[in-house]
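A.B. asks: I'll drop the sequence and a predicted model, then ask my questions.
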Amino acid sequence: MAKIVIRGKEYDLWLGLWAMEQIEERYGSMEEGLKKFVKEKKISEIKFFFVTLANCGRKRAKLPADLTENILDTANLADLEAIAAAMRDTLDEARRTETVGGGPADDEGEDALAAEYDAKNG
């Protein structure tokens with residue numbers, strides 16, 4: 001989970017199923033939403049994605065998902081750079097595989113032949 005402080009307030013950004021659903025509702029699919037976000041780089045799209053990820057972080061913390069896009073109305077270019085970095089970190093984190101316990105996975109490929117050999121031969 002990426003954390004970011006904007007104008008003295010901390011936000012936890014999280015890309016969970018709730019956020020994915022919000023993105024799908026707006027764009028039709030996650031893929032289309034991410035393409036539009038990356039390609040167009042419009043402020044309105046940045047605000048939507050940020051608030052969606054921040055509200056998903058709030059839901060994860062069992063807080064109301066009540067943030068609106070106006071929380072970024074007074075953000076400046078330095079804030080925008082930090083927001084972009086935090087959202088990149090959030091998307092990168094969501095792409096990585098995690099273990100059931102929530103720790104980082106090794107993300108290494110599995111050698112099925114070696115696993116079968118080990119199972120048969122102890």
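C.D. replies: Here it is on my side, so go on.
A.B. asks: now the helices for this protein?
C.D. replies: 17-27, 30-40, 43-60, 77-95, 112-121 (DSSP state H).
A.B. asks: right, so of these, which gets closest to Thr68?
C.D. replies: In terms of C-beta to C-beta, the element of the helices of the chain nearest to Thr68 is helix 43-60, at 6.6 Å. Every residue, glycine included, has its C-beta placed from N, CA and C.
A.B. asks: Taking helix 30-40 as reference, get the angle to that closest one.
C.D. replies: Relative orientation of helix 43-60 and helix 30-40, computed by axes from the mean of the first three to the mean of the last three C-alpha atoms, to 10 degrees: 140 degrees.
A.B. asks: what packs against helix 43-60?
C.D. replies: strand 9-13, helix 17-27, helix 30-40, helix 77-95 (3 or more C-beta pairs under 8 Å, 6 or more residues apart in numbering; DSSP states H and E).
A.B. asks: rerun at 6 Å
C.D. replies: strand 9-13, helix 17-27 (3 or more C-beta pairs under 6 Å, 6 or more residues apart in numbering; DSSP states H and E).
A.B. asks: Low-confidence regions, the chain specifically.
C.D. replies: Residue ranges of the chain with pLDDT under 70: 97-114, 117, 122.
A.B. asks: circling back to that earlier point, put together JSON lines for the helices and strands packed on helix 43-60, with distance to Lys47 and mean neighbour count on each row.
C.D. replies: As requested, the helices and strands packed on helix 43-60 are exported to JSON lines (distance: least, C-beta to C-beta, whole Å; neighbours: other C-beta atoms under 10 Å):
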{"stretch": "strand 9-13", "distance to Lys47": "13", "mean neighbour count": "17"}
{"stretch": "helix 17-27", "distance to Lys47": "12", "mean neighbour count": "16"}
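A.B. asks: As JSON lines, the ones you listed with distance to Ala82 would be great.
C.D. replies: Below are these laid out as JSON lines (distance: least, C-beta to C-beta, whole Å):
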{"stretch": "strand 9-13", "distance to Ala82": "11"}
{"stretch": "helix 17-27", "distance to Ala82": "19"}
